[in-house]
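Asker: Give me the fold of what follows.
(one chain, ligands or ions: 2)
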Amino acid sequence: MTSGVRPVRGMNDVLPAEIGLWQHLEGALRELVALYGYQEIRVPIVEHTDLFKRSIGEFTDIVEKEMYTFADQGGDSLTLRPEATAGIARAAISNGMLRGQKHKLWCMGPMFRHERPQKGRYRQFHQFDVEALGFDGPDVDVELIVMMARLWRTLGLGRVSLQLNSLGTPQSRALYRERLVQYFRGHEAVLDEDSRRRLGGNPLRILDSKNPDMQALIAGAPLIVDHLDAGSLAHFETLQAALRAAGVGFTVNPRLVRGLDYYSRTVFEWITDALGSQDAVCSGGRYDGLITQLGGEATPAIGFAMGIERVVELLRLAQVVPVAHTPDAYIVAQGERATAAGLALAERLRDQLPRWRIAFGHGGGNFKAQFRRADRSGARLALVLGESELERGVIAIKNLRGETRQIECPMAEVGTRLEAEFKE
Ligand code: ATP
Ligand code: MG
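Answerer: Numbers count the residues shown, from 1 in each chain. Ligands and ions are numbered 1, 2, ... in the order given. As a prediction, this is how the structure comes out:
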């Protein structure tokens, strides 16, 4: 293949044969957000690079090595969004949406990270993202979590479980950070290169290391829960009590820190045992300081992002069968005159029967070839129009599934007969 027709590594086409599960999931997500009163927001795919540096944090995998950054013709440094929260926070500020107002928002779309592509990890991937701006919780923290618990139930996905932690406030975290630096300094020889670098910049990120050689050291590190301020502790306990009351199971994972710097207090991750090492399907947390940090009015907020590709894969593994949007009737016409009459009939039927999906068998060929295409389309019925039907002013309606049944009816009556005798 020449490079002109090669897809970009890690960026996938979603083909018609696969789209059913995507649409099934997207439909469930739209119903879910409507149920909870969240409104859609659409933000650009490209933002100023600085926005992501200032929000996600300089010492994160995303900013250090995963961003698609380029200079545009005017010399501005722009970046393809690696996640949605920063753009939504920016939109709230630049559109004057804050000033004491509250917003429950969601969005869905492609994100870009230059990672090593593997199953469940791509360079263009899609997220469903929910953000509640202006709420200090923990009631809204509970809402976001029960909302997703409902999604897993609705979709019939059982192999998803919740991990929870609290990162406290920036003040309590500063104290914890000191303790952590002390601990890791005492074991500097064991630190890998990444961790050594992070020790100076952002030592909490070391806890998120995926290096197996680092896990024993990380397991012995001081725990953030033991360093929470009273307010964060109360927030965390109320959240846990409410989840218990709602019947949502969870595990407190004291080493869950998340890969972005803007979180405070609640962080959570829905993980699965069905996808191997790409086990996070939905992650999020509270980011009370982010909007101020970006120059907006102090606004407490919480949000999460769900990885669409990973959930589509869970649906596939759970053998969820999406509703297929196959035609109800497929028009098979042979000959030039029949084709013209058939096209006119198709439009008439689409007007007359707006709930019926009418497909037309373009591409010619003999009846046999056309019936093969009609069958492959998944249509229930074939409407057959050849020279002889045309001469008699009739059309044949043929059942393609189940009992074979064929009738002939005058052209002018097709719509009424379909509705009366062939409705699904
Ligand atoms: P991971 O630990 O798997 O790298 P993350 O902590 O980087 O995930 P977030 O930035 O919180 O993930 O993104 C939210 C969700 O988006 C993840 O839980 C995951 O389902 C999905 N996701 C993240 N990166 C990718 C990717 N490169 N390809 C596909 N899905 C992804
Ligand atoms: Mg990641």
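Asker: For the stretch 51-200 of the chain, what lies in contact range of ligand 1?
Answerer: Proximity of the stretch 51-200 of the chain to ligand 1, by C-beta under 6 Å from any ligand atom, involves residues 83, 113, 115, 120, 121, 122, 125, 127. For glycine as for every other residue, the C-beta is placed from the backbone atoms N, C-alpha and C.
Asker: nearest to residue 12, of these?
Answerer: Nearest to residue 12 out of these is residue 122 (C-beta to C-beta; 6.2 Å).
Asker: which residues sit in contact with that closest one?
Answerer: When contacts are counted by C-beta atoms under 8 Å, 6 or more residues apart in numbering, residue 122 touches 10, 11, 12, 115, 309.
Asker: Buried among these? Need that as a selection in ChimeraX.
Answerer: Typed into ChimeraX, the line below selects the buried ones among these, using 16 or more other C-beta atoms under 10 Å:
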select :10,115,309
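Asker: can you redo the contacts of residue 122 as JSON lines with distance to residue 347, secondary structure and pLDDT?
Answerer: JSON lines is the format used below for these (distance: C-beta to C-beta, whole Å; DSSP: H, G, I helix; E, B strand; the rest coil; pLDDT from 0 to 100):
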{"residue": "10", "distance to residue 347": "43", "secondary structure": "coil", "pLDDT": "98"}
{"residue": "11", "distance to residue 347": "38", "secondary structure": "coil", "pLDDT": "98"}
{"residue": "12", "distance to residue 347": "36", "secondary structure": "coil", "pLDDT": "97"}
{"residue": "115", "distance to residue 347": "48", "secondary structure": "coil", "pLDDT": "96"}
{"residue": "309", "distance to residue 347": "38", "secondary structure": "helix", "pLDDT": "98"}
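Asker: And the furthest pair within the contacts of residue 122?
Answerer: The widest separation within those (C-beta to C-beta) is 13.6 Å, between 12 and 115.
Asker: list the contacts for residue 326?
Answerer: Contacts for residue 326 (C-beta under 8 Å, 6+ apart) come out as 357, 377, 378, 379, 380.
Asker: can you pick the most crowded of these?
Answerer: With neighbours taken as other C-beta atoms under 10 Å, the top of the contacts of residue 326 is residue 379, carrying 23 neighbours.
Asker: was I right about that residue contacting residue 332?
Answerer: No: shown here, residue 379 and residue 332 do not form a contact pair, counting by C-beta atoms under 8 Å, at 9.8 Å.
Asker: measure the closest residue to ligand 1 within the chain to residue 48 for me?
Answerer: The nearest approach of the chain to ligand 1 comes at residue 307, 2.3 Å away (C-beta to the nearest ligand atom). For residue 307, the distance to residue 48 (C-beta to C-beta, to the nearest Å) stands at 25 Å.
Asker: The two: which has the busier surroundings?
Answerer: Set side by side, residue 307 and residue 48 show more neighbours around residue 307, with 23 against 13, by other C-beta under 10 Å.
Asker: For that one, give me the pLDDT.
Answerer: Residue 307 is assigned 98 on the pLDDT scale.
Asker: Show the contacting residues for it.
Answerer: Counted by C-beta under 8 Å, 6+ apart, residue 307 has contacts 120, 125, 126, 127, 280, 281, 282.
Asker: Could you double-check that residue 37 sits in contact with residue 103?
Answerer: No: contact criterion C-beta under 8 Å: residue 37 and residue 103 do not qualify, at 10.9 Å.
Asker: Give me the more crowded residue out of those two.
Answerer: Each of residue 37 and residue 103 has its neighbours counted (other C-beta under 10 Å); residue 103 has more, 18 against 8.
Asker: wait, that one sits on residue 92?
Answerer: Yes: look at residue 103 against residue 92 with C-beta under 8 Å: they come within range, at 6.8 Å.
Asker: Could I get the contacting residues of residue 227?
Answerer: Applying C-beta under 8 Å, 6+ apart to residue 227 gives the contacts 168, 172, 173, 175, 176, 179.
Asker: Inside helices: which ones of the residues you listed?
Answerer: The helices, defined by DSSP state H, take in 172, 173, 175, 176, 179 from the contacts of residue 227.
Asker: I'd like to know which of the residues you listed is nearest to residue 234.
Answerer: When the ones in helices among the contacts of residue 227 are compared against residue 234 (criterion: C-beta to C-beta), the nearest one is residue 172, at 12.5 Å.
Asker: Save the contacts of residue 326 as TSV, and put in secondary structure, pLDDT and distance to residue 5 too.
Answerer: Listed next are those as TSV, based on DSSP: H, G, I helix; E, B strand; the rest coil; pLDDT from 0 to 100; distance: C-beta to C-beta, whole Å:
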residue	secondary structure	pLDDT	distance to residue 5
357	coil	96	33
377	coil	93	28
378	coil	93	30
379	coil	95	33
380	coil	94	37
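Asker: near ligand 1, from these?
Answerer: Of the residues in the contacts of residue 326, proximity to ligand 1 by C-beta under 6 Å from any ligand atom holds for none.
Asker: Which residue ranges of the stretch 101-250 of the chain form strands?
Answerer: Secondary structure of the stretch 101-250 of the chain (DSSP state E, counting those that start in this stretch): strands located at 103-112, 124-133, 160-166.
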